[in-house]
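> Sequence below, structure please.
(chains A and B)
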Amino acid sequence: MRRLSIAEALREGIAEEMRRDPSVFCLGEDIAVPGGWGGAFTVTLGLEEEFPDRMLNTPIAELGFFGAAVGAAVAGMRPIADVQYGDFLFLAMDQIVNNAAKLRYMSGGTVSVPLVMRAPVGATGRGSQHAQSMERYFTGVPGMKVVAVSNAYDAKGVLKSAVRDDNPVLIFEHKLLYGSKGARTEPGAVDATSEVPDEDYTVPLHRAAVRREGSQVTILAWLLMAHLASQAAERLSAEGIEAEVIDVRSLSPIDYETIGASVRKTGRVVLVEEGPRSGGVSAEIAAGLMEHCGNDLLAPVVRVASPDVPVPFTPVLEEAYRPDVARIVEGVRRVLRD
Amino acid sequence: MPQLTETADWPTPLKPGAYEDSFLLGLYERMVTIREFEDGVKFLFLEGSMPGTIHQCQGQEATAVGVCSALREDDFITSTFRGHGHALAKGLTVESLLFELFGASTGCCKGKGGSMHVGDMSKGMVPGIAIVGGGIPLAAGMALAYKMRKEPRVVACFFGDGAVAEGAFHEGVNLAAIWDLPVIFACENNLYGASTRVDLVMRNARIAERAATYGIRAETVDGNDVLAVHEATLAAAADCRAGKGPVLLELLTYRRTGHSRRDACHYQPQDEREAWARRDPIERLGARLIEAGAADAARLQEIRREVQAHFQRAVEEARRQPMPAPGDIADDVLA
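Got it, this is the predicted structure:
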């Protein structure tokens, strides 16, 4: 089977969905300039050649083009809106939260908003405003689904499920996992390529994925942290500690079935999140664990997250900001001591 | 401050034969329906029958009816709050609207929308978007869908003068302009955003002049003259359907009631209120109908009585409508 990067897998997924369904189209900044970038991370590179009328380059107007995407979805299209950096979702917040997520409910179920939104996140040497982990701002919004993809197979399958879903779906992608080539390569990138079948397939939007089986502790992570959690588990395995690694993947709704089964087996949980500790997704999951499987916990949950500061620029501070393998290993040791 | 000069020749005489009498009486009846609905709702609200809050449109009936009467059934409108008139003009029934305001499960949004979010997709109205500029890019997106599918539909996007200061106005109008989208931006300039007069928050309060910035056509229309609004909208819709891109209509009108419940409008100068009261859109059309011989005063009075009786019947029905069950709360969140 072929190995693809996330950027390649997303591009292939978008093209296949556009061929399958004429109501699918893309809009965003710099996504369809011949000779241009194909979006900030090459995901839509060259698609304007095959779909000249369905790859819409927008002005720098996030509120405007997200609003237009919501309107097009309301009118029966299936738009894929591409924001250059997740941080810019704040500019489109009104359209995403007040319109996309609420129109179905406010209308008594008569309006559908089959909208896909794609947003790159993660600290990558860009300072504070092109680096945030945006998941926390959306997982508590009723009326939409939030997914985070960490390998090429998932990225393509999730994208296809999202396009076919009748709800607004926000897909988070990590800048260090795209696998973009040439000038667009990110320093410090992690290999997130994976085998991608030729035939059509989808990945469900509501399921977590067990990445590594283990019996003593469950590590819950997503995006880049899912990769670092697996690396931490390998290191711990060498010491005889077997950690189960779950890529939470679906951040809203959260798959407590898969997570709960693991917790019943291990009794111990380490949550790993790239964003700041306070008010983050791991805080929500920690509370959810108490509600769903609190009696199965043998020790208090341990969280490994970034400190409550904006993302710093200088490499030495960025490194201190983002959880790494050593901090995850330390978190596992802590939960095993209790 | 945008002012219409007091028209000496008011009411403007009807061009003989330009319209069927039945069409003109239809406009009249629809405006009276909106006025009676709003006055009736205000009473119900003040007597405590109706929950929530209300934003009413007495005095602005000609903008809603003038625009919607120039649209086809499968054209769409978007609305911000103050949308009861838009809904009735686009064809929602008095009943489905009133039931919604009572919070009944038989309302147009099953009681989940309320006054600020009335709408009905089957009638061509998106539920009201109560963030004042929020509907502007959304309307552009709907028009984008029609254009991509080569459907000859237009979207009329209602918003007020207050929305023009929001980024959504600039971004949405610009998108519609660059993509030549079939959108009629129907700005109801009623001179007040909540209690703030338009000239306190705009250096250039002539909103139509902004169209030049985006390279689109615009005109300022007497928004209390239903036929002027109707004709301007017909021309705008024709431009849209011909692929000439969006049109901005600045409909000059006046909000006769407070911004929302219990606002007595003390900030509106008395002489200004009186001047606009003399421009009442319903009385103006009525006078023209009588002058042109399309109806007599008795016929107009009869229409009003029929509308009032209909509204009272609807109120009695509304009081008997089923409320949603608390257990239904999580329905319709996700598809």
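
> quick one, what contacts residue 273?
Using chain A here. By C-beta atoms under 8 Å, 6 or more residues apart in numbering or on different chains, the contact list for residue A:273 reads A:133, A:221, A:225, A:280, A:281, A:282, A:303, A:304, A:305, A:306, A:323. Just so you know, the C-beta spots here come from the backbone N, C-alpha and C atoms, and that holds for glycine as well.

> other chain: chain B
Residue B:273 neighbours (C-beta under 8 Å, 6+ apart): B:254, B:256, B:265.

> With residue B:88 instead?
B:30, B:33, B:34, B:37, B:64, B:94, B:97.

> now do residue B:105
Neighbour list for residue B:105: B:111, B:321, B:322, B:323, B:324, B:328 [criterion: C-beta under 8 Å, 6+ apart].

> in a helix, that's where it is, yeah?
No. Residue B:105 is assigned coil when assessed by DSSP: H, G, I helix; E, B strand; the rest coil, not a helix.

> which one of the contacts of residue B:88 is nearest chain A?
Set against chain A, the nearest of those by C-beta to the nearest C-beta is residue B:97 (13.3 Å).

> and the closest one, how many neighbours?
By other C-beta atoms under 10 Å in any protein chain shown, the residues close to residue B:97 number 25.

> Around chain A, which positions in the stretch 51-200 of chain B sit nearby?
For the stretch 51-200 of chain B, the contact set with chain A under C-beta under 8 Å from any C-beta of the partner chain comprises B:76, B:107-113, B:117, B:119-122, B:126-127, B:129, B:131, B:134, B:136-146, B:148-149, B:167-168, B:170-172, B:174-175, B:178-179.

> so where does residue B:238 fall, helix or strand?
helix B:226-241 (DSSP states H and E).

> Quick check: buried residues in that helix?
Residues of helix B:226-241 classed as buried under the neighbour-count rule (16 or more other C-beta atoms under 10 Å in any protein chain shown) are B:226, B:227, B:228, B:229, B:230, B:232, B:233, B:235, B:236, B:237, B:239, B:240.

> Just put the residues you listed in TSV and tack on distance to residue A:334.
Formatted as TSV, those follow (distance: C-beta to C-beta, whole Å):
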residue	distance to residue A:334
B:226	73
B:227	77
B:228	74
B:229	70
B:230	73
B:232	71
B:233	68
B:235	72
B:236	67
B:237	67
B:239	68
B:240	64
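
> partners of the lengthiest strand in chain A, with directions?
Determined from DSSP state E, the single longest strand within chain A is strand A:269-276. Strand A:269-276 has the following sheet partners, assigned by DSSP bridges: strand A:217-221 (parallel), strand A:302-306 (parallel).

> Make JSON lines from the ones you listed and add mean pLDDT and mean neighbour count to it.
Formatted as JSON lines, the strands paired with strand A:269-276 follow (pLDDT from 0 to 100; neighbours: other C-beta atoms under 10 Å in any protein chain shown):
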{"stretch": "strand A:217-221", "mean pLDDT": "98", "mean neighbour count": "29"}
{"stretch": "strand A:302-306", "mean pLDDT": "98", "mean neighbour count": "23"}
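
> Let's verify residue 130: helix, strand, or coil?
All of this is about chain A. On the three-state scheme (three-state DSSP), residue A:130 is labelled coil.

> can you pull the contacts of it?
By C-beta under 8 Å, 6+ apart, the contact list for residue A:130 reads A:85, A:87, A:124.

> Recalculate using a threshold of 6 Å.
Listed by C-beta atoms under 6 Å, 6 or more residues apart in numbering or on different chains, the contact set of residue A:130 reads A:85, A:87.

> Verify the contact between residue A:323 and residue A:302 for me.
No. Applying C-beta atoms under 6 Å, one finds residue A:323 not in contact with residue A:302, separated by 11.7 Å.

> what helix or strand does residue 172 sit in?
Unless you meant another one, I'm taking chain A. Using DSSP H and E, residue A:172 maps to strand A:169-174.

> if you could check chain B rather than the one you did, that'd help
Element membership for residue B:172 (DSSP H and E) is helix B:167-178.

> Beyond that helix, next helix or strand please.
Criterion used, DSSP H and E; the element after helix B:167-178 is strand B:183-189.

> For that following strand, which outside residues touch it?
B:63, B:67, B:139-140, B:143, B:155-161, B:176, B:207, B:236, B:246-253.

> Nearest residue to residue A:241 in space, please, no chain neighbours.
Among residues not flanking residue A:241 along the chain, residue A:216 sits closest, at 5.8 Å (C-beta to C-beta, 6 or more residues apart in numbering or on different chains).

> Which parts of the stretch 51-200 of chain A are strands?
Secondary structure of the stretch 51-200 of chain A by DSSP state E, counting those that start in this stretch: the strands cover A:55-57, A:78-82, A:116-121, A:145-148, A:169-174, A:194-196.

> quick one on the thing from earlier: out of the contacts of residue A:273, who's nearest residue A:35?
Lowest distance from residue A:35 to those (C-beta to C-beta) belongs to residue A:133, with 32.4 Å.

> State the distance from residue B:241 to chain A.
16 Å (C-beta to the nearest C-beta, to the nearest Å).

> Hmm, residue B:152 and that residue touching each other?
Yes. Residue B:241 lies in contact with residue B:152 (C-beta under 6 Å); the separation is 5.2 Å.

> Tell me how many other residues crowd residue 111.
Just so you know, I chose chain A. By the criterion of other C-beta under 10 Å, residue A:111 has 20 neighbours.

> was after chain B, sorry
22.

> residues in contact with it?
Contacts of residue B:111 (C-beta under 6 Å, 6+ apart): B:103, B:104, B:105, B:324.

> Local confidence estimate at residue 36?
All of this is about chain A. With respect to pLDDT, residue A:36 scores 91.

> let's do chain B instead
pLDDT for residue B:36: 98.

> can you confirm it is in a helix?
Yes. Assessed by three-state DSSP, residue B:36 belongs to a helix.

> Show me what from chain A comes close to chain B.
Applying C-beta under 6 Å from any C-beta of the partner chain, one finds that chain A approaches chain B through A:61, A:63-64, A:67-68, A:70-72, A:75, A:77, A:94, A:98, A:104-112, A:142-143, A:166-167.

> Show me just the buried residues among those residues.
Judged by 16+ other C-beta under 10 Å, buried ones among these: A:61, A:63-64, A:67-68, A:70-72, A:75, A:77, A:94, A:98, A:104-112, A:143, A:167.

> Leaving out the residues flanking it, which one is nearest to the residue in the stretch 151-300 of chain B positioned nearest to chain A?
In the stretch 151-300 of chain B, the residue that lies nearest chain A is residue B:171 (2.7 Å; C-beta to the nearest C-beta). Once flanking residues are discounted, residue B:171 sits nearest to residue A:64: 2.7 Å by C-beta to C-beta, 6+ apart.
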